[in-house]
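structure here, sequence nowhere to be found:
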DNA sequence: GGAACTTGTGCAAAGGATTGCAGAACGGCG
DNA sequence: CGCCGTTCTGCAATCCTTTGCACAAGTTCC
């Protein structure tokens, strides 16, 4: 009877077909107790026959809530973020939220752009894995991976200090290293005036300095390096070779992220160094297939999933209005010992 | 003057503040030539001062286009899809589209659910990495990774036949293997009646059978295995051990995806087999850090990025209305030779 | 001086779902 | 018979932006 639109049917079509008003149709589909059982069934029947799907734009516009959250990450292609994204998304979708993923490519400008975009999309909340020297963001937000300078938003991050300490102490206490070098993620993201402090990069760096100091070891400035945001892998390769070319090369290295650790390993290989015989190598994050690498990589046990999930849960609490103080949650670190630190060698008896 | 909303300002606020009508404000911000230069400047100035951000819900509702596309993948956490997602997203965002990512966890039901959700979100197009025994989907769509049975939608997929052939021929022609086993991705996704054919799984399997046949080699049924959607990695581990326990174990194995290959490697390790000395192993996709694995993995060179980018480009063409025939684009395969096939050994002289 | 344009601006509708409020229909009770 | 409660329905406004159409003011040209 009603002219069938070529496109998708609207509530008006359903209502007309079922012989009721839009209001009633809407209520029927929402299973409101206000509508008569027979009417309800009839509307549902028509709705399914027409394959009606309520337009979320219209619904969200009217309701003032989109049931969508924005997720901002530096690099979805990197396994760490991909994995964190996945577990966050699982938790959010289970709670009925959809996820709009934005990738910043580690550029401060794109990061701000992403936040504006998400605001324009009227997302109900934000999960942000990038730095964040933001002014107010108008919706509940949880930062993860990095703890932002910003007060007022919750954060979920690794126990960077504890993690680095675990790595350094293992190298020192178990293997007796005295010359340990560190290659960390950038301290800041962006260029020039746009720079934004990266909580994680800074924290791990400080933690490294502190741990080495605590062990009473010397720390030549050349032993401490950080990468540029755009060229992690490459920087680490170069760093490895430069470190080994020093008059006093380190006997152990720490990669401040999975990518940095594999980059260091490549650099060492290219330079003809054996790990762990010539240099020990450990990683803060767990590289993909760490157990299958040559040598199997000693690192902190995989925490990307926990980070994602916990961040999502914190955001869900905030969205539910649980007005707890934002605060920062730390994910504890655990050491996963393999061979790159030298461990099996000592056990197996060199 | 106008009461400032606590929330975000709307176009009405800007218009009031600038002393013009909403219509004029809208046109001014769109840089329409219909509005006077002075007015335009004034509106822009107010807009920036108020940090006005047009509500995309309202805009999309009115315009009938969201400038958003939906992306459906089986597992965002898997590096293959994460990487494809990233390159697709880069291309789409460069063209002004946003991306709504939905994860199906390889379940046919969630896949249908995802498509309905995306339809409700009024996305302008779809990029689907899962099977697809769909009826009509109302918007331009491009399938990638899998070629759907569905006619009428474009697809971008690996040259599965050529890729498998490359792997088999390398094992046969260069290394003289005669007993080659294959562990592939599932042929179908879902459970029971919900099953949906997976183009890729089926294609690679057929290609394997064909290549082995072409080489004139025998192919005991036990040599051909496929994994369940939910347990790739684990299935591959088990398969490796079972294959090696056969009376006539294979002398070479092919992993039909990166995860399957690393799973096989783990299984072989656990069973105490050396690769490639005891068994050769090659992979269809390139595992993360394939060059750092023990042994470095021979595989088809990384194609996830190409796949993502080309799929995005195909979708953009469809969205632009380039009414070319949908058709299927194949990404050519290239062999990346490392050591797991046995190559360096022969060169180095065993 | 008036017709015919050109330029800018504003009114109001449209897009689709939700929801406050009013009111219809009906049963029950005094 | 009249009044009051229930139980459903429907009208119409609302969310915010875009845009077709009308119109006002100013300019140009016969």
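Received, thanks. What you see is a predicted model; the values in this text were computed from it and never measured.

interface residues of chain A facing DNA strand C?
By Cβ under 7 Å from any atom of the strand, the residues of chain A that approach DNA strand C are A:10-12, A:22-23, A:26-27, A:29-30, A:52, A:54-55, A:58-59, A:61-63. To be clear about C-beta, it is placed using only N, CA and C from the backbone, and glycine gets the same treatment.

among these, which ones are buried?
Neighbour-count burial (16 or more other Cβ atoms under 10 Å in any protein chain shown) applied to those gives A:10-11, A:26-27, A:29, A:52, A:54-55, A:58-59, A:61.

which one of the residues you listed is nearest residue B:223?
residue A:52 (50.2 Å; Cβ to Cβ).

from residue A:161, how far out is the closest one?
According to Cβ to Cβ, to the nearest Å, residue A:52 and residue A:161 sit 54 Å apart.

next: residue A:88.
In terms of Cβ to Cβ, residue A:88 sits 24 Å off from residue A:161.

the two: which has the busier surroundings?
residue A:88 (31 against 17; other Cβ atoms under 10 Å in any protein chain shown).

spit out the contact partners of the spatially closest residue to residue A:55 that is not a sequence neighbour.
Residue nearest to residue A:55 in three dimensions, not counting chain neighbours: residue B:122, with 6.3 Å by Cβ to Cβ, 6 or more residues apart in numbering or on different chains. Taking Cβ atoms under 8 Å, 6 or more residues apart in numbering or on different chains, we find residue B:122 in contact with A:55-57, B:60, B:66, B:68.

filter the residues you listed down to the buried ones.
Looks like those have A:55-57, B:60, B:66, B:68 buried, using 16+ other Cβ under 10 Å.

low-confidence ranges, the stretch 151-300 of chain A, go.
A:151-152, A:189-198 (pLDDT under 70).

do you know how far residue A:254 is from DNA strand C?
Noted for residue A:254: a distance of 53 Å to DNA strand C, by Cβ to the nearest atom of the strand, to the nearest Å.

bridged to that residue, which residues?
Beta bridges link residue A:254 to residue A:182, residue A:282, judged by DSSP bridges.

what about residue A:127, distance to residue A:83?
Distance, residue A:127 to residue A:83, using Cβ to Cβ: 14 Å.

hmm, I was thinking of residue A:108
Residue A:108 sits 24 Å away from residue A:83, taking Cβ to Cβ as the criterion.

please enumerate the strands of the stretch 101-250 of chain A.
For the stretch 101-250 of chain A, strands defined by DSSP state E, counting those that start in this stretch occupy the ranges A:125-128, A:141-144, A:154-158, A:180-184, A:188-189, A:196-197, A:224-226.

redo the ones you listed as a markdown table? Include mean neighbour count and distance to DNA strand D.
Shown next, in a markdown table, are the strands of the stretch 101-250 of chain A (neighbours: other Cβ atoms under 10 Å in any protein chain shown; distance: least, Cβ to the nearest atom of the strand, whole Å):
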| stretch | mean neighbour count | distance to DNA strand D |
| --- | --- | --- |
| strand A:125-128 | 27 | 18 |
| strand A:141-144 | 28 | 20 |
| strand A:154-158 | 24 | 26 |
| strand A:180-184 | 27 | 43 |
| strand A:188-189 | 21 | 30 |
| strand A:196-197 | 19 | 28 |
| strand A:224-226 | 19 | 42 |
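
tell me which of those strands lies nearest to residue A:340.
Of the strands of the stretch 101-250 of chain A, nearest to residue A:340 by Cβ to Cβ is strand A:180-184, at 13.7 Å.

can you tell me how far residue A:17 is from residue B:79?
Applying Cβ to Cβ, the value for residue A:17 to residue B:79 is 48 Å.

next: residue A:298.
Separation of residue A:298 from residue B:79 (Cβ to Cβ): 21 Å.
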